[in-house]
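In: below are the sequence and a predicted model for it; my questions follow.
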Amino acid sequence: MKRNPSSITHHASRITHHSPLGSFLRAVTAIAWKDLAAELRSRELLSAMLVFALLVILIFNFALELDFKTRSTVTAGVLWVTFAFAGTLGLNRSMAIEKDRGCLDGLLLAPVDRSVIYFGKAISNLVFMFIVEAIVLPVYSVLYNTNLFNLGLIGVILLGSVGYVAVGTLLASMAVQARTRDVLLPILLFPVVLPVLVAAVKASNGLLQGLEMAEIMPWLNLLIVYDVIFIAIAFMVFDYVVEE
Amino acid sequence: MTPDTTNFMLAGYAVIFSVMAIYIASLILRWRNLKRDLIILQEMQAKK
Amino acid sequence: MERQPLILQILNILSAVLLAIAACLVFFYAPLELVMGNVQKIFYFHVANAWVGMLGFVAAAVAGIAYLRTHDMKWDILEMAAVEISLVFFLIAIVTGSIWAYPAWGTWWTWDPRLTTAAILEMIYLAYLLLRQGIEDPERRARFGAVYTLIGGLSVPLTFLSIRLFRTIHPALIGTASSAAQGGFDMSAPMKLTFFFSLFTFSLIFVVLLWHRIRLGRLAEKVEQLKLNVMQ
């Protein structure tokens, strides 16, 4: 890149390179990338989540007698319960690894804002969740001969997963620091993430049943409001969760 | 026709008063236990 | 620990007397509601209990924020006290609501927004207690508790909203009219008097219980500190 002699633009280019936002984003991607690279090697977290998700679907098949008629009404519910259960498994494991290997302490010593750790972990958790969802959806479609490839449905899954992971990452980082950490996360998470699950199930169901957009919009709005509120609040309180 | 639902009313108020009584009893019980612990701990510290 | 202060002793007696008067008003003064019969009289204490539960819920969230800002343990003690009282009174409100619902609506439970939200709130507070139980360090326990009450405080209104949305899109399943309309009635002047008197009485009871629970919390803190000293 050619250096501009003008001091003002020179200054400006320095800002774009070392601006707080730029370094913040770099640090966030670094943490998320560290998790994804580690997972690419071991694959222990994703394989556990996937096998578990498929087992949940299998159990639902026998528990609910998923014949053609019931299938159309319960598909959204089955999918979201599967995602939620597999999600807690992943969230718990991903934070427990940090804690056990002492990575969290290392990250805390790093000269970055604490919220960087939160966003890094949240992004890697979100990616794991998306991968699981991307595999579960086609498998479900094939097993039950239902077409789930619906752009709206994918949008709902994105919004719902973001809200779920935003709260889940925060609560998982508290849960792993407790004595009862193996059982604590779902108990902490499910009652507060209920609006996401209700809205996501209703919106997905509406889309799969081909309802009008006017009936689905309130649920999408609720999902967006939840996502915004909880990302903001997690950003504000994460400091207190990892404080030593 | 007004139905006779007195039993339900009585059941409701029985729940209200008994749960409140249990809660107050638990406050008193916990207070006493803590007092006892405090005295034991103070004695232990005095011995030290 | 010192004896109860005089004001608290007076308030103890006052709240007991007011509770007795409120009970007399409910049983002997308030008129019989003609559609539902005597069971309607649950209403007075039921709403007052739910009101105390709400007060505790708000107090807990405010104390949580105050703790995170100041790191002063007194806010943690207040928060724990408020959560516990809210838990007890919402439990009463749910059970009495259920007892009222059976003769009035023909079912013990409906997935009505208020009922469901109160039940979810109970679950959040039980989770809160489990979280605290799992952490030994008092300072960390206070921080996590405050964060969790804050998250609970934000999610509960959204839960209420989501369930209400659920119901407006799917009309009420119970009976023909909506459940609120079936359980509704107009309040006459004696009913209003009884209602507001109960509300006032239970607000006072809330303050008194909160005070007692805070004293208990302080004592517990003292014992815990002493235990740490002796163990060393």
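Out: Ah, there it is.

In: would you map the helices across chain A?
Out: Using DSSP state H, the helices of chain A run over A:7-18, A:20-42, A:44-64, A:68-100, A:103-109, A:114-144, A:151-175, A:181-208, A:213-242.

In: could you dump the third one to PDB, C-alpha only?
Out: Just to be clear, that refers to helix A:44-64. Once non-C-alpha atoms are left out, helix A:44-64 reads as follows in PDB (Å, rounded to 0.1, in the frame of the first residue of the first chain):
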ATOM      1  CA  GLU A  44     -15.300 -34.900  20.300                       C
ATOM      2  CA  LEU A  45     -17.800 -32.100  20.900                       C
ATOM      3  CA  LEU A  46     -19.500 -32.200  17.600                       C
ATOM      4  CA  SER A  47     -19.800 -35.900  17.400                       C
ATOM      5  CA  ALA A  48     -21.300 -36.100  20.800                       C
ATOM      6  CA  MET A  49     -23.800 -33.400  20.000                       C
ATOM      7  CA  LEU A  50     -24.800 -35.000  16.700                       C
ATOM      8  CA  VAL A  51     -25.200 -38.500  18.000                       C
ATOM      9  CA  PHE A  52     -27.200 -37.100  20.900                       C
ATOM     10  CA  ALA A  53     -29.400 -35.100  18.500                       C
ATOM     11  CA  LEU A  54     -30.100 -38.100  16.400                       C
ATOM     12  CA  LEU A  55     -30.900 -40.200  19.400                       C
ATOM     13  CA  VAL A  56     -33.400 -37.600  20.600                       C
ATOM     14  CA  ILE A  57     -35.100 -37.700  17.200                       C
ATOM     15  CA  LEU A  58     -35.200 -41.500  17.400                       C
ATOM     16  CA  ILE A  59     -36.800 -41.400  20.800                       C
ATOM     17  CA  PHE A  60     -39.400 -38.900  19.700                       C
ATOM     18  CA  ASN A  61     -40.200 -41.200  16.800                       C
ATOM     19  CA  PHE A  62     -41.300 -43.900  19.200                       C
ATOM     20  CA  ALA A  63     -42.600 -41.600  21.900                       C
ATOM     21  CA  LEU A  64     -44.900 -39.700  19.600                       C
END
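
In: if you count neighbours, what's buried in the helix or strand encompassing residue C:97?
Out: For residue C:97, the enclosing helix or strand under DSSP states H and E is helix C:73-105. Of all the residues in helix C:73-105, those buried under the rule 16 or more other Cβ atoms under 10 Å in any protein chain shown are C:75-101, C:103-105. (Glycine included, C-beta is placed from N, CA and C.)

In: quickly check: the following helix or strand past that helix near chain A or not.
Out: Using DSSP H and E, the helix or strand that directly follows helix C:73-105 along the chain is helix C:113-133. Yes: using Cβ under 8 Å from any Cβ of the partner chain, helix C:113-133 reaches chain A at C:120, C:123, C:124, C:126, C:127, C:130, C:131, C:133.

In: how about JSON lines for the residues you listed, with neighbour count, pLDDT and distance to residue B:48 added?
Out: What follows is the residues of helix C:113-133 next to chain A, written out as JSON lines (neighbours: other Cβ atoms under 10 Å in any protein chain shown; pLDDT from 0 to 100; distance: Cβ to Cβ, whole Å):
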{"residue": "C:120", "neighbour count": "21", "pLDDT": "92", "distance to residue B:48": "49"}
{"residue": "C:123", "neighbour count": "15", "pLDDT": "93", "distance to residue B:48": "45"}
{"residue": "C:124", "neighbour count": "26", "pLDDT": "94", "distance to residue B:48": "43"}
{"residue": "C:126", "neighbour count": "13", "pLDDT": "94", "distance to residue B:48": "39"}
{"residue": "C:127", "neighbour count": "21", "pLDDT": "94", "distance to residue B:48": "39"}
{"residue": "C:130", "neighbour count": "15", "pLDDT": "93", "distance to residue B:48": "35"}
{"residue": "C:131", "neighbour count": "22", "pLDDT": "93", "distance to residue B:48": "34"}
{"residue": "C:133", "neighbour count": "13", "pLDDT": "90", "distance to residue B:48": "30"}
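
In: among these, which ones lie close to chain B?
Out: Answer for these near chain B: none qualify (Cβ under 8 Å from any Cβ).

In: in JSON lines, list those residues along with distance to residue A:142.
Out: Output for the residues of helix C:113-133 next to chain A, formatted as JSON lines (distance: Cβ to Cβ, whole Å):
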{"residue": "C:120", "distance to residue A:142": "36"}
{"residue": "C:123", "distance to residue A:142": "36"}
{"residue": "C:124", "distance to residue A:142": "38"}
{"residue": "C:126", "distance to residue A:142": "40"}
{"residue": "C:127", "distance to residue A:142": "37"}
{"residue": "C:130", "distance to residue A:142": "40"}
{"residue": "C:131", "distance to residue A:142": "41"}
{"residue": "C:133", "distance to residue A:142": "45"}
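
In: quick check, the longest helix anywhere in chain C touching chain B?
Out: The residue-count maximum for a helix in chain C (DSSP H) belongs to helix C:189-231. Yes: contact of helix C:189-231 with chain B (Cβ under 8 Å from any Cβ) involves C:209, C:212-213, C:215-216, C:219-220, C:222-223, C:226-227, C:229-230.

In: between the residues of helix C:113-133 next to chain A, which is nearest residue A:119?
Out: residue C:131 (23.3 Å; Cβ to Cβ).

In: dump the residue contacts of the closest one.
Out: Taking Cβ atoms under 8 Å, 6 or more residues apart in numbering or on different chains, we find residue C:131 in contact with A:174, A:175, A:178, A:184, A:188, C:144, C:145, C:148.

In: residue A:96: neighbouring residues, count only.
Out: Other residues lying near residue A:96 total 16 when counted by other Cβ atoms under 10 Å in any protein chain shown.
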